[in-house]
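Colleague: sequence first, predicted coordinates after that:
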Protein chains: 2
Amino acid sequence: MKITINEVAKLAGVSKATVSRVMNNTKPVNPEKHERVLRAIEELEFTPNPVARGLVHKRTGLIGVVIPDITNPFFAELVKGVEEVVREKNYNMILCNTTHNMEKELSYLNMLKDKYVDGIIFMTAKVSPEHKEFFRKSQLPVTFINRKCDDIHVASLDIDNYQAAFDMTTFFLKRGHRRVAIIRAPLTDKTSGYERYRGYQEAMRSYDIEPEESLVMRSNFKIESAYKAVKKFLKEQQPVTAIFATSDLMAIGAIRCLRDHHVQVPKQVEVAGFDDIPMASYYSPSITTIRQPIFEMGRKATRLLIKEVNREIIKTRNVTLPYQLILRESTLKTPVTGE
Amino acid sequence: MKITINEVAKLAGVSKATVSRVMNNTKPVNPEKHERVLRAIEELEFTPNPVARGLVHKRTGLIGVVIPDITNPFFAELVKGVEEVVREKNYNMILCNTTHNMEKELSYLNMLKDKYVDGIIFMTAKVSPEHKEFFRKSQLPVTFINRKCDDIHVASLDIDNYQAAFDMTTFFLKRGHRRVAIIRAPLTDKTSGYERYRGYQEAMRSYDIEPEESLVMRSNFKIESAYKAVKKFLKEQQPVTAIFATSDLMAIGAIRCLRDHHVQVPKQVEVAGFDDIPMASYYSPSITTIRQPIFEMGRKATRLLIKEVNREIIKTRNVTLPYQLILRESTLKTPVTGE
DNA sequence: ATGAAAGCGCTAACAG
DNA sequence: CTGTTAGCGCTTTCAT
């Protein structure tokens, strides 16, 4: 039913080795036979079976992409970047959605290894010992996004989350805010949680303000979770004049909640986010945020990975990308005058 | 370096055929040898090479998923649904992002066929003759989402887009609106463009209003495009009291634009969307919309496809799912009294 | 019940 | 330059 190299060889009157040579330009072939083979291939609409090829070459042309949540615009954008390069380089992408669940991460990792993918792009909250163990054993090329990992030999891409959070917080402080609250992700999340929180704390201290525990709202990465956190905060705590949400999605949840409780943004409370997902500029009010080069991160990570797959020499295995503070309506009130 | 079935056979002191039998439970095996094989597998941490298996079985365990834009929350949600079932059934998903580009669709389709995927979930604006040709020739199991296609033998899932748009428009008309504008997608998009537009027109006619061309704004699926369309509309046309955006993303672009031009939503103009993406309920104002069972659609489509792959009997190959009108703030003004 | 052997479709080493 | 041959790692007759 399906055309194989044998049919082509027969029709062209050559051996299948010759057909293979023609297809792959791997060795010189007599021009006339060359022509006949090409014609036969076209005639039969032959396309080589990649599975058979894979068996010989131990390559599948597959890249595994492991992310926590495809419905989070941050990851969607990232995946789009990955996809572009993967396609360009003639690979295909296996997408794995882990719903922030470590069991799934591990099980997917094993699945991917068993599927013989050529490399993995991996995003997780926290690189656990199990993860490291996996990467060490599997010997698979891996690149991390959003996460550094020094003790195992993998590539990684991220921005300086600490410094960015520091800058964002300082932006508030510089304009006179003193009670700056933070909505943070779980600290188990190294970058989005821990690093950004640390940046906030240090910025506060740099203004001689000891960060109060009461100014911290805990949330995961969902809009709804931030909404609830703010609701609780409004009920239990003294008012603040600024809230630093450590992701745009959380900022949206926060703003929505504030408005539902008749707190005007930015008039009464200013809010900032992090990431600069597309919605940040279209939300109303539009959201002041830290722009990460998300799409570019996806592209760069993939290029890096594919180099690794091809055992090319890589100069810098760990890349830190630039970020940018983007001012929008959610912080557009006239600067507060400090005490 | 990598453990193969031969190592296992040797260690267990049996032939590799026996190992294969044990792994696949394909034929009875002497209990004692059975045990030895199992032990050897564990000892060596052997996992069979799926590529080799694939070569024999002509199965790859791969499902291709072709979508226009992963950063569109509608598709992201869909993919999440697909992923869940794909994983559950022990397949893997190859994600293909076509950026609404037909060249890419076709090229991806061919790539997927060449990769020997077991089936394809396909989303496109319009099923072109080239597409049909492809599906006819490839004989690959395919299921369409959001699109019916009668003349070729494929499964499909969608909602009644015509009726839903009719209902949405009628909702406005019933409450006294007469000048109801529409933001529509290109008519080349069969369901999101054409069907929804037709529903709008017929609803207008059912109220004895001949739909005016001047009430139609043209947009693609991006927020920004709707923003621009509304901006142009405000400049050139008489005011309206209601706008039916045929997707939530377009509704967001519309609302944002109206507010930027100091038109209050819903006070001066009511706006409705379509799809019910998560952001629809968190935007401010929250958006009245048609809820499509997006996630469920993804799951159902995948189950259907996998049945098809396994040549199971399928009762209904073309499924129409229910939708629901969801009322939110963007249309919450006191009902307009008609003329 | 089980091992030997053939073969899935392709590539690569070898000999000419 | 080119055909023959030997695998890649697994499944599946086919004998026994």
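Modeller: Here it is on my side, so go on. Numbering: from 1, shown residues only, chains lettered A, B, ... in the order given.

Colleague: low-confidence ranges in the stretch 201-339 of chain A?
Modeller: Low-confidence segments of the stretch 201-339 of chain A (pLDDT under 70): A:334-339.

Colleague: can you map out the helices along it?
Modeller: For the stretch 201-339 of chain A, applying DSSP state H, counting those that start in this stretch gives helices covering A:223-236, A:248-260, A:279-282, A:294-309.

Colleague: looking at those helices, which is nearest to DNA strand D?
Modeller: Closest to DNA strand D of the helices of the stretch 201-339 of chain A is helix A:294-309 (CB to the nearest atom of the strand; 18.2 Å). C-beta here means a position set from N, CA and C on the backbone, and glycine is covered the same way.

Colleague: please work out which of the helices of the stretch 201-339 of chain A is packed deepest.
Modeller: Comparing the helices of the stretch 201-339 of chain A by mean neighbour count (mean count of other CB atoms under 10 Å in any protein chain shown), helix A:248-260 comes out on top with a mean of 25.

Colleague: quick check, that helix touching chain B?
Modeller: Yes: judged by CB under 8 Å from any CB of the partner chain, helix A:248-260 and chain B are in contact via A:252-253, A:255-256, A:259.

Colleague: before we move on, what about stretch A:23-33?
Modeller: No: using CB under 8 Å from any CB, stretch A:23-33 stays clear of chain B, coming no nearer than 12.9 Å.

Colleague: would you mark the buried spots in that stretch?
Modeller: Across stretch A:23-33, burial judged by 16 or more other CB atoms under 10 Å in any protein chain shown covers A:23, A:29, A:33.

Colleague: give me the contacts around it.
Modeller: Contacting residues not belonging to stretch A:23-33 are listed as A:12, A:14, A:18, A:20-22, A:37, A:41, A:48 [CB atoms under 8 Å, 6 or more residues apart in numbering or on different chains].

Colleague: picking that back up, okay if I get the helices of the stretch 201-339 of chain A as TSV plus distance to A:Leu327?
Modeller: Formatted as TSV, those follow (distance: least, CB to CB, whole Å):
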stretch	distance to A:Leu327
helix A:223-236	21
helix A:248-260	14
helix A:279-282	11
helix A:294-309	19
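
Colleague: of these, which is nearest B:Ala165?
Modeller: Closest of the helices of the stretch 201-339 of chain A to B:Ala165 is helix A:279-282, at 23.5 Å (criterion: CB to CB).

Colleague: for that closest one, packing partners?
Modeller: helix A:248-260, helix B:248-260 (3 or more CB pairs under 8 Å, 6 or more residues apart in numbering or on different chains; DSSP states H and E).

Colleague: give me that answer again for 7 Å
Modeller: With contacts taken as 3 or more CB pairs under 7 Å, 6 or more residues apart in numbering or on different chains; DSSP states H and E, helix A:279-282 sits against helix B:248-260.

Colleague: can the helix it packs on be said to contact chain A?
Modeller: Yes: residues of helix B:248-260 contacting chain A under CB under 7 Å from any CB of the partner chain: B:252-253, B:256, B:259.

Colleague: follow-up on the earlier one: ok, the residues of helix A:248-260 next to chain B vs B:Phe75, which is closest?
Modeller: Each of those was checked against B:Phe75 using CB to CB; the closest is A:Ile252, at 19.9 Å.

Colleague: I'd like to know how far that closest one sits from B:Thr26.
Modeller: For A:Ile252, the distance to B:Thr26 equals 54 Å [CB to CB, to the nearest Å].

Colleague: how does chain A divide into domains?
Modeller: For chain A, automatic domain parsing gives the domain ranges A:5-48, A:62-159+A:294-321, A:161-292.

Colleague: want to throw these into CSV with distance to B:Ser138?
Modeller: Converted to CSV, these look like this (distance: least, CB to CB, whole Å):
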stretch, distance to B:Ser138
domain A:5-48, 11
domain A:62-159+A:294-321, 17
domain A:161-292, 35
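
Colleague: give the contact list for A:Phe134.
Modeller: A:106, A:109 (CB atoms under 7 Å, 6 or more residues apart in numbering or on different chains).

Colleague: return the member of the residues of helix A:248-260 next to chain B nearest to A:Val216.
Modeller: A:Gly253 (15.7 Å).

Colleague: surely that closest one touches A:Asn220?
Modeller: No: with contact defined as CB atoms under 7 Å, A:Gly253 does not count as touching A:Asn220 (10.5 Å).

Colleague: A:Thr143 should be in a strand, yeah?
Modeller: Yes: the assignment for A:Thr143 by DSSP: H, G, I helix; E, B strand; the rest coil puts it in a strand.

Colleague: gap between the residue of the stretch 1-150 of chain A at minimum distance from DNA strand D and B:Arg198?
Modeller: The minimum distance from the stretch 1-150 of chain A to DNA strand D, using CB to the nearest atom of the strand, falls at A:Asn30 (2.6 Å). A:Asn30 sits 62 Å away from B:Arg198, going by CB to CB.

Colleague: which parts of stretch A:176-185 are buried?
Modeller: In stretch A:176-185, counting by 16+ other CB under 10 Å, buried: A:177, A:179-185.

Colleague: give me every residue that touches A:Asp276.
Modeller: A:248, A:289-292, A:326.

Colleague: CSV for these, including distance to DNA strand C?
Modeller: What follows is the contacts of A:Asp276, written out as CSV (distance: CB to the nearest atom of the strand, whole Å):
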residue, distance to DNA strand C
A:Asp248, 47
A:Thr289, 49
A:Ile290, 47
A:Arg291, 44
A:Gln292, 41
A:Ile326, 49
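
Colleague: near DNA strand C, which residues of chain A show up?
Modeller: Counting by CB under 7 Å from any atom of the strand, the residues of chain A lying close to DNA strand C are A:2, A:4-6, A:16-17, A:19-20, A:23-24, A:26, A:46, A:48-49, A:52-53, A:55-57.

Colleague: rerun at 6 Å
Modeller: Within chain A, the positions lying close to DNA strand C (CB under 6 Å from any atom of the strand) are A:2, A:4-5, A:16-17, A:20, A:23-24, A:26, A:48-49, A:52-53, A:55-56.

Colleague: tell me the least confident of the residues you listed?
Modeller: Lowest pLDDT of these: A:Lys2, 83.

Colleague: excluding chain neighbours, what is closest to that residue?
Modeller: A:Asn49 (7.8 Å; CB to CB, 6 or more residues apart in numbering or on different chains).

Colleague: ok, now A:Asn110?
Modeller: Here the residue nearest A:Asn110, using CB to CB, 6+ apart, is A:Phe134, at 7.4 Å.

Colleague: in the host helix or strand of that neighbour, what counts as buried?
Modeller: With elements taken from DSSP states H and E, the one containing A:Phe134 is helix A:129-138. Buried residues in helix A:129-138, counted by 16+ other CB under 10 Å: A:131, A:134-135.

Colleague: turn those into JSON lines, including pLDDT.
Modeller: Shown next, in JSON lines, are the buried residues of helix A:129-138 (pLDDT from 0 to 100):
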{"residue": "A:His131", "pLDDT": "92"}
{"residue": "A:Phe134", "pLDDT": "91"}
{"residue": "A:Phe135", "pLDDT": "90"}
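
Colleague: just curious, which of those residues is nearest to B:Ile152?
Modeller: A:Phe134 (43.4 Å).

Colleague: picking that back up, turn the residues of helix A:248-260 next to chain B into a markdown table, columns for distance to B:Lys315.
Modeller: Formatted as a markdown table, these follow (distance: CB to CB, whole Å):
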| residue | distance to B:Lys315 |
| --- | --- |
| A:Ile252 | 42 |
| A:Gly253 | 42 |
| A:Ile255 | 47 |
| A:Arg256 | 43 |
| A:Arg259 | 48 |
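
Colleague: that concludes my questions; thank you for your assistance.
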